[in-house]
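1. pasting a predicted model and its sequence here:
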Amino acid sequence: MLKPIVEFCASNMHHGTDRIMQRLEQDPDYEVIEYGCLGNCGECYLFPFALVDGEIVAAETADKLYDEIVKSTEQQRAHQAALDKLLDDM
């Protein structure tokens, strides 16, 4: 199974997402990329966010963002596993 790609905006680091990015970089189950800008300026200004496989994941705090990223990737893995099982059963 492919690693989820988690993209962070350098302009969003004032929310503390730099800590979350560094934490995920240490985890071999994630591919982490930092960009100068992700083009989501409204979200970037208001709250911590990241893109997980192209989908916006946001939270009230950086620590909650970490939890939401993990939850999102677990849901994606479960969904992919279900699809794989369905295809195997065909």
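-> The structure has been received and is ready for your questions.

2. quick one, phi/psi of residue 49?
-> phi -150, psi 160 (degrees, to the nearest 10).

3. contact partners for it?
-> Residue 49 makes contact with 9, 12, 17, 40, 43, 56, 57, 58, 59, 65, according to Cβ atoms under 8 Å, 6 or more residues apart in numbering. For glycine as for every other residue, the C-beta is placed from the backbone atoms N, C-alpha and C.

4. what's the distance between the fourth one and residue 28?
-> Looking back up the chat, that one is residue 40. 27 Å (Cβ to Cβ, to the nearest Å).

5. just to revisit the earlier point, which of the contacts of residue 49 ranks first by neighbour count?
-> residue 12 (28 neighbours; other Cβ atoms under 10 Å).

6. isn't that one right up against residue 44?
-> Yes: taking contacts as Cβ atoms under 8 Å, residue 12 lies within contact range of residue 44: 4.7 Å.

7. overlap of the contact sets of the two?
-> With Cβ under 8 Å, 6+ apart as the test, residue 12 and residue 44 both reach residue 38.

8. mind listing the helices for the protein?
-> 17-25, 41-46, 62-89 (DSSP state H).

9. any idea which of these scores lowest on pLDDT?
-> Mean pLDDT is lowest for helix 41-46 out of these, coming in at a mean of 83.

10. chain center to that one: distance?
-> 16 Å (Cα atoms, centre = their mean, to the nearest Å).

11. now swap in stretch 27-43 and tell me
-> The answer for stretch 27-43 is 7 Å, by Cα atoms, centre = their mean.

12. cool, stretch 37-54 as well?
-> 10 Å.

13. between the two ends of it, how far is it?
-> By Cα to Cα, to the nearest Å, the extent of stretch 37-54 from end to end equals 14 Å.

14. equivalent analysis for stretch 18-36, please.
-> 13 Å.

15. pick out the residue closest to the middle of the chain.
-> residue 52 (3.4 Å; Cα atoms, centre = their mean).

16. what does the pLDDT read for it?
-> Reported pLDDT for residue 52: 96.

17. cool, residue 1 as well?
-> For residue 1, the predicted pLDDT is 62.
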